[in-house]
Structure formats: C-alpha cells, structure tokens
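> Next come a sequence and a model predicted from it.
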Amino acid sequence: MAESKRVSGRQVAPSGTSGRAPAATSTSGRMAPQNSGSGRMPASTSGRAPAAPAPVSRSKMTAASPAPRASGASARISRRDQGDGGGRPIKKKQRGGPELMIAGGVIALLGIVAAVIYVNKSKKINDVESGKREQQELFDNNMKLGFDYYMKAENSGLPYVLGREKDDIINDEQKLASRLFSQFQGDDKVYNVLFERRYKDKKAKEKTDQKFMFPDKNRIERVDRGTEMNKVRVTYGFAENKSIPLVWAEKIIPSEQGDQANLGGKITVLVKATEDNVLRAAKERKPDAPAK
C-alpha cells in the first residue's frame, strides 16, 4: 500500500516530452496498464474494466509530406500536359508538319520518275534486242532458203555437170531442159538456175557448156555477206538494178577421181530473198568508183 502511494505521488512528465500519452491512473491509486500496441486490450488483473486510452496530442501529429517533384523531361512533359496554369491545356507541337509532307511527296515523285526512266530504258533495250533477233532470224531463213533450193538443183543436175547424163538426154535440148528445170517451173521464188559443165572434146580441148533456166536473167550483183553450208556458198545478191534482192547459192563441183574427160563444173541457184538490214544497207551503198 505504501508503494502505491509513492507512484501516485510522483509528478508525471508532460505528454510532449516523451511522445506518448500519459497513462491514466485508477481511483485506487494504481497505474492503469498501458496499451500494448498490438491492437489488443491487455487483460486486467483486478477484474476492472481497462481505462480508455488518452487522446493523442495535436502537436505531435505528423504533417503529410508533399508528393515528390518530377525532374527533367518528366517534369516538362507533366507541365505541358497539365496546362499553363490558367486551366487551358498546352497544345502539343506536331512533329514534321507540312515540311515532312512536302519531303515525302518529293521522294515519292522522284521514285515515280526513276521508275518511269527505268521502264523506258528497259523497253528500249528490249526493243533493240528484239530487233536484232528478228534481223538474225530473217538472215538465217534466207540462207536456209537458198541452200534448200540448191539441194533440189543438185539432185536433178549433178549427173549432167559430171558428164554422167545419158547421151540421148544430153543431145536433146528439150529433154535436157526438162530434166534440169522441171521441178522449178511455176515457182515464183526462183529467179534463175544455172548448170555449168566443163569437159574435153575428142581433140582434148577444154570446153564449157552452160544451161540457164532463164538465159536473159544473168546480170547479177553479188553481196559479200553470207555463209557456207555443207560446202555450198550462200550469199546475198541483187538483180535488175538492185530492185530484186536475191539469195545466191553456189557450189563448185570437182571432177570425179580418174575422169580425164569430165572436169566438173558449177551449180548456181538464185531465189528471191526477204529484205533485211543487210540487204537494205547494201542497196543504199553507192558503187565504188572505177579505178583510174
């Protein structure tokens, strides 16, 4: 009992010095148990109801700390989005704008121009290559045409050129002409056919005998451009003052081995050609001036 009096007789420190609310004292002189801080009320040992907690001093209430201020780019973006302070939002600056649109249009236009130039250039190259292929095809077809007609003439006239034709045919002009030229009669592509035979007569004198399909069509101008096919020389030519383009196919026929009387000869075929760049250029070329 004396201990209780001493406690109650002590001066309690002011509430502001310790940061805690003063403990309430009971009427009996005993100190009421303090709140444990766990949220639970401590059990009373005396059976009495616990005392109410003391009110918190306003002077010790901690003021709410201000929100942290943004710095740098984040602060600038925040101020821009929040406005100018007068309630009006700051208008965001558009990136690019008309300049970007103009630049994009110029780039697109340049791309279109480049594409058009490329297409036109490619078309010109293709046209040139196509023209070359077409001219080469014309030339090849003309050469083959002359060779094919030559082979027909050789099949019918080779025995005559080599002196192996029958005497009754050689001595009969009509029979010989029919043997040599009948397969070309009525063919508009054929301009002329010539068979030339060289031989020795009974006096061992060399003679030349020529048979023309058209004797009056024998003035031909040769053009050097051509080819050789199976020992047949195939070139271009002109007739009648360059008014008729021709394919000139010709082969020299050697004599047969051991034959001293027949010396061989020549077979020539002239057929009308399809005009190409080679013939066109040859037609426009002026003849060389005669040598002085």
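Cool, the structure landed.
> going forward, measure contacts between C-alpha atoms and count neighbours the same way
Noted.
> so where is the stretch 151-292 of the chain shaky, pLDDT-wise?
Where the stretch 151-292 of the chain drops to pLDDT under 70, the residues are 286-292.
> show me where it has strands.
190-200, 206-212, 220-229, 232-239, 244-253, 262-272 (DSSP state E, counting those that start in this stretch).
> looking at these, which is closest to Gly146?
With Cα to Cα as the measure, strand 244-253 is the member of the strands of the stretch 151-292 of the chain nearest Gly146 (5.4 Å).
> Outside of the closest one itself, list whatever touches it.
With contact meaning Cα atoms under 8 Å, 6 or more residues apart in numbering, strand 244-253 is reached by 142-143, 145-147, 150, 161-162, 191, 222, 231-239, 264-275, 279.
> Buried subset of those residues, written for PyMOL?
Typed into PyMOL, the line below selects the buried ones among those, using 16 or more other Cα atoms under 10 Å:
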select buried, resi 142+143+145+146+147+150+161+162+191+232+233+234+235+236+237+238+239+264+265+266+267+268+269+270+271+272+273+275+279
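> burial of Leu110, as a residue count?
Neighbour count of Leu110, defined by other Cα atoms under 10 Å: 12.
> go on, the one 10 residues further on?
When counting by other Cα under 10 Å, one arrives at 12 neighbours for Asn120.
> Which helix or which strand is home to it?
If you go by DSSP states H and E, Asn120 is part of helix 98-161.
> Please find the angle between the direction vectors of that helix and strand 232-239.
Helix 98-161 and strand 232-239 are oriented at 100 degrees to each other (axes from the mean of the first three to the mean of the last three Cα atoms, to 10 degrees).
> show me what contacts Leu145?
The contact partners of Leu145, by Cα under 8 Å, 6+ apart, come to 247, 271.
> what's the pLDDT at it?
At Leu145, the predicted lDDT confidence score is 97.
> coming back round to it: will you turn the strands of the stretch 151-292 of the chain into TSV that also has distance to Lys132?
Below are the strands of the stretch 151-292 of the chain laid out as TSV (distance: least, Cα to Cα, whole Å):
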stretch	distance to Lys132
strand 190-200	28
strand 206-212	37
strand 220-229	16
strand 232-239	19
strand 244-253	20
strand 262-272	22
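> To Ile169, which of those lies closest?
strand 206-212 (13.4 Å).
> Name the residues of that closest one that are buried.
By neighbour count on 16+ other Cα under 10 Å, the buried set for strand 206-212 is 211-212.
> From the contact counts, what lies against that strand?
strand 190-200 (3 or more Cα pairs under 8 Å, 6 or more residues apart in numbering; DSSP states H and E).
> Can you give me the buried ones in the strand it packs on?
190-199.
> next one: stretch 169-177
By neighbour count on 16+ other Cα under 10 Å, the buried set for stretch 169-177 is 170, 176-177.
> Lys124: which of those residues is nearest?
Nearest to Lys124 out of these is Ala177 (Cα to Cα; 53.3 Å).
> so what's the closest one up against?
Going by Cα under 8 Å, 6+ apart, the list of residues near Ala177 reads 211, 213.
> how about the strands of the stretch 151-292 of the chain, which one is nearest Ile125?
Of all these, it is strand 220-229 that lies closest to Ile125, at 26.0 Å by Cα to Cα.
> Convert the C-alpha atoms of stretch 147-167 to PDB, please.
Once non-C-alpha atoms are left out, stretch 147-167 reads as follows in PDB (Å, rounded to 0.1, in the frame of the first residue of the first chain):
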ATOM      1  CA  PHE A 147      20.600 -23.900-149.500                       C
ATOM      2  CA  ASP A 148      17.300 -25.800-149.800                       C
ATOM      3  CA  TYR A 149      16.800 -24.700-153.400                       C
ATOM      4  CA  TYR A 150      20.400 -25.500-154.200                       C
ATOM      5  CA  MET A 151      19.900 -29.100-153.000                       C
ATOM      6  CA  LYS A 152      17.000 -29.500-155.300                       C
ATOM      7  CA  ALA A 153      19.100 -28.300-158.300                       C
ATOM      8  CA  GLU A 154      22.000 -30.600-157.400                       C
ATOM      9  CA  ASN A 155      19.700 -33.700-157.200                       C
ATOM     10  CA  SER A 156      18.500 -33.000-160.700                       C
ATOM     11  CA  GLY A 157      21.600 -31.600-162.400                       C
ATOM     12  CA  LEU A 158      24.600 -33.200-160.800                       C
ATOM     13  CA  PRO A 159      24.800 -36.100-163.400                       C
ATOM     14  CA  TYR A 160      24.800 -33.500-166.200                       C
ATOM     15  CA  VAL A 161      27.600 -31.500-164.600                       C
ATOM     16  CA  LEU A 162      29.800 -34.600-164.000                       C
ATOM     17  CA  GLY A 163      29.200 -35.900-167.600                       C
ATOM     18  CA  ARG A 164      27.200 -38.900-166.400                       C
ATOM     19  CA  GLU A 165      23.900 -38.000-168.100                       C
ATOM     20  CA  LYS A 166      22.600 -40.200-170.800                       C
ATOM     21  CA  ASP A 167      23.600 -39.300-174.300                       C
END
